[in-house]
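1. Next comes the sequence, and after it the predicted model I'd like to discuss.
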Amino acid sequence: MPGGRPPAAVVAALMLSMALVALDSSIVSTAVPQIVGDLGGFSVFSWLFAGYLLAVTVTLPVYGKLSDTLGRKPVLLFGIALFLVGSLLCAVAWNMAALIAFRIVQGLGGGALQGTVQTLAADLYPLKDRPRIQAKMSTVWATSAVAGPALGGFFAAFADWRWIFLINLPLAGLALWATARHLVEPVRSPGRRGPIDWAGALAVFACGGLLLFALVQGGVAWPWLSAPSLGLLAASAVLAAVVVRVERRAEEPVLPGWVWRRRTIAAVNLAFGALGLLMVAPMVFVPTYAQSVLGLGPVSAGLVMSAMTLSWPLSAALSQHVYRRIGFRDSAVVGISLATLILFSFTLLPYPARPWQPTLIMLLLGAALGLFQLPLIIGVQSTVGWSERGTTTASVLFCRQVGQSVGAALLGAVANATIAARLADAPTPGLTGHLDDVSKALDRPGLLPQAAADHLRRAVAAAVDHIFLGATATAVAALLVLLLLAPRRFPVLEEQREDQGDLPRSRLS
């Protein structure tokens, strides 16, 4: 395989592996009512998503280092197999606790898939061809974002919710077979392989898991300033100090210090953390806005948000024509600058907006973020060799996942505070005073007086406006990181430049 393009079977295996993770992120949501109706456990069903997210996030750096140490293929095969086993267990779950535990098993496999597939995409393609494979990966995510909820709803309505997990079995089996049979990695020198840092892996897993648990539960299961929240955050800080101590002593650390000492990687890590945070606004709150404020049905609300996933891969595919001219950093600067303006424009929508207006904003936002994300991931992967690429890719994806978790907590708190303040000042009778009852009232607005229902919709609209202001501020922070920390020209390795053929050197970074 080295020296030429990978076989179509390998590309298909990578896309199938990515589809497993992408589809699983969206297919479960529409079947939650049926799952809860069958298994019970309404009070803890949110851990179907939180447990999976925790497992994926905290294992990303571990799998990244393992792929640099043992090779990509064994890590990918292990991830596919574990995801397959987790899916089968989810399909036979007998209660909510079992289903949550098996979703965590799925997440342990998903962490291997998400990072290793992105790393292999850089291994198997020269720099000039990477936009092509990355655009295909983006297309997988976009297709899954649109098809996942529809497929989950179909199984829940006409078959059984267990089929949303059973459908993974043939996909995972095919990906496992194609990877085992067709993926051939170049032989690496045994001298590059150091001892596996199991102590560091355990410390990272414990610290990341505890921190994300605190962020997921804070403001939901208990108040932010309560003893459980403060205790968990304090324990996370202690474990972070343990991680630093263990990693400094390790010969081959899971989280090596160089991912933060190198300006390029540190800047991309911080930018991707900001990306994860700001993405909470369109992915989580736009469907709520479309249903609660615009009065659209679930399918139509999903289409408003999915406009972003349609323009993102197209913009990513075309971004190579931009970064070959102005460089990786400046391309990302253009993308995040446009995203800042687009995010802010959401707060200028009239009340009530027409459905095409937020749909257009989501379409433009996807195009801007495609121009922001892809040059950074391709650029940072091109600054390291094979032995560091898995760790680098995993650190970038890890920061994005942590940013998403922090964003869900922070922006959720902003939304709750805004709605609570508006309800406290409500000039009309008949409004609920409890946030937990807001969703019920919005589901049945006919049960409220007209003035009360309108005030509630305005409160939700104001909350979403504040969310997008927060996302705008995050985009500005990402822009400042790129301008102040990232080098204007990424230090692309000579071996990466040689892959470019006769492209001018000054146009490669």
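-> Noted; the coordinates are in hand.

2. name the helices or strands packed onto the helix or strand that contains R389?
-> Using DSSP states H and E, R389 maps to helix 386-424. Here helix 386-424 touches helix 47-70, helix 96-124, helix 198-217, helix 258-261, helix 263-278, helix 280, helix 356-381, helix 450-484, going by 3 or more C-beta pairs under 8 Å, 6 or more residues apart in numbering; DSSP states H and E. For the C-beta atoms, the positions are set from N, CA and C on the backbone; glycine is no exception.

3. how far is that helix from where the chain is centred?
-> Centroid displacement of helix 386-424 relative to its chain, using C-alpha atoms, centre = their mean, to the nearest Å, is 9 Å.

4. Quick one: mean pLDDT for it?
-> Average pLDDT, helix 386-424: 82.

5. Tell me what angle that helix forms with helix 198-217.
-> Taking axes from the mean of the first three to the mean of the last three C-alpha atoms, to 10 degrees, one finds that helix 386-424 is oriented at 20 degrees with respect to helix 198-217.

6. and helix 386-424, which residues are buried?
-> By neighbour count on 16 or more other C-beta atoms under 10 Å, the buried set for helix 386-424 is 386, 388-412, 414-415, 418-420, 422-423.

7. Centroid-nearest residue for this structure?
-> When C-alpha atoms, centre = their mean is applied to the chain, the residue found nearest the centroid is Q401 (5.3 Å).

8. count of neighbours near G335?
-> Residues lying near G335 (other C-beta atoms under 10 Å) number 29.

9. That one touches F372, doesn't it?
-> Yes: with contacts counted by C-beta atoms under 8 Å, G335 reaches F372, the gap being 3.1 Å.

10. Skip the chain neighbours and tell me the closest residue to the residue nearest to the centre of the chain.
-> Closest residue to Q401 apart from its sequence neighbours, by C-beta to C-beta, 6 or more residues apart in numbering: T57 at 4.0 Å.

11. residue ranges with poor pLDDT in the stretch 51-200 of the chain?
-> 145-146, 186-195 (pLDDT under 70).

12. next one: the stretch 301-450 of the chain
-> 426-449.

13. try 80 this time
-> Applying pLDDT under 80 to the stretch 301-450 of the chain flags residues 301-303, 305-306, 405, 408-409, 412-413, 416-417, 419-450.

14. Tell me how many other residues crowd V492.
-> V492 has 22 nearby residues by other C-beta under 10 Å.

15. and if you look at R181?
-> 12.

16. C-alpha coordinates for the helix or strand harbouring it, CSV please?
-> Counting by DSSP H and E, the element that carries R181 is helix 168-182. The C-alpha coordinates for helix 168-182 follow below in CSV (Å, rounded to 0.1, in the frame of the first residue of the first chain):
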residue,chain,number,x,y,z
ASN,A,168,-24.5,-2.3,13.8
LEU,A,169,-23.7,-6.0,13.6
PRO,A,170,-23.5,-6.4,9.8
LEU,A,171,-21.8,-3.1,9.4
ALA,A,172,-19.2,-3.8,12.1
GLY,A,173,-18.7,-7.4,10.8
LEU,A,174,-18.1,-6.1,7.2
ALA,A,175,-15.7,-3.4,8.5
LEU,A,176,-13.8,-6.0,10.6
TRP,A,177,-13.4,-8.3,7.7
ALA,A,178,-12.3,-5.6,5.2
THR,A,179,-9.8,-4.2,7.7
ALA,A,180,-8.3,-7.5,8.6
ARG,A,181,-8.1,-8.7,5.0
HIS,A,182,-7.1,-5.5,3.1
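
17. Phi first, then psi, for L183.
-> With angles defined as degrees, to the nearest 10, L183 sits at phi -80, psi 120.

18. Surely it touches V10?
-> Yes: using C-beta under 8 Å, L183 makes contact with V10 at a distance of 5.3 Å.

19. For the closest residue in space to W260 that isn't next to it in sequence, give me its contacts.
-> Nearest residue to W260 in three dimensions, chain neighbours excluded: A266, at 4.9 Å (C-beta to C-beta, 6+ apart). Counting by C-beta atoms under 8 Å, 6 or more residues apart in numbering, A266 touches 259-260, 485.

20. how much space between A266 and Y323?
-> To Y323, A266 is 20 Å away according to C-beta to C-beta, to the nearest Å.

21. Give the rounded mean pLDDT of stretch 229-241.
-> When pLDDT is averaged over stretch 229-241, the result is 90.

22. tell me which residues in that stretch are buried?
-> Here stretch 229-241 shows 229, 232, 235-236, 239-240 as buried, counting by 16+ other C-beta under 10 Å.

23. Turn those into CSV, including distance to K136 and secondary structure.
-> Listed next are these as CSV, based on distance: C-beta to C-beta, whole Å; DSSP: H, G, I helix; E, B strand; the rest coil:
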residue, distance to K136, secondary structure
S229, 42, helix
L232, 40, helix
A235, 42, helix
S236, 37, helix
L239, 38, helix
A240, 37, helix
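
24. helix/strand/coil for E251?
-> For E251, the assignment made with DSSP: H, G, I helix; E, B strand; the rest coil gives coil.

25. Who are the contact partners of V476?
-> Applying C-beta under 8 Å, 6+ apart to V476 gives the contacts T340.

26. State whether S26 and A150 are indeed in contact, as I suppose.
-> No: using C-beta under 8 Å, S26 makes no contact with A150, being 9.4 Å away.

27. now the helix holding R181: how far from the chain's centre is it?
-> Distance of helix 168-182 from the chain centroid (C-alpha atoms, centre = their mean) equals 23 Å.

28. helices and strands around that helix, which ones?
-> When contacts are defined as 3+ C-beta pairs under 8 Å, 6+ apart, helix 168-182 sits against helix 8-27, helix 72-91.
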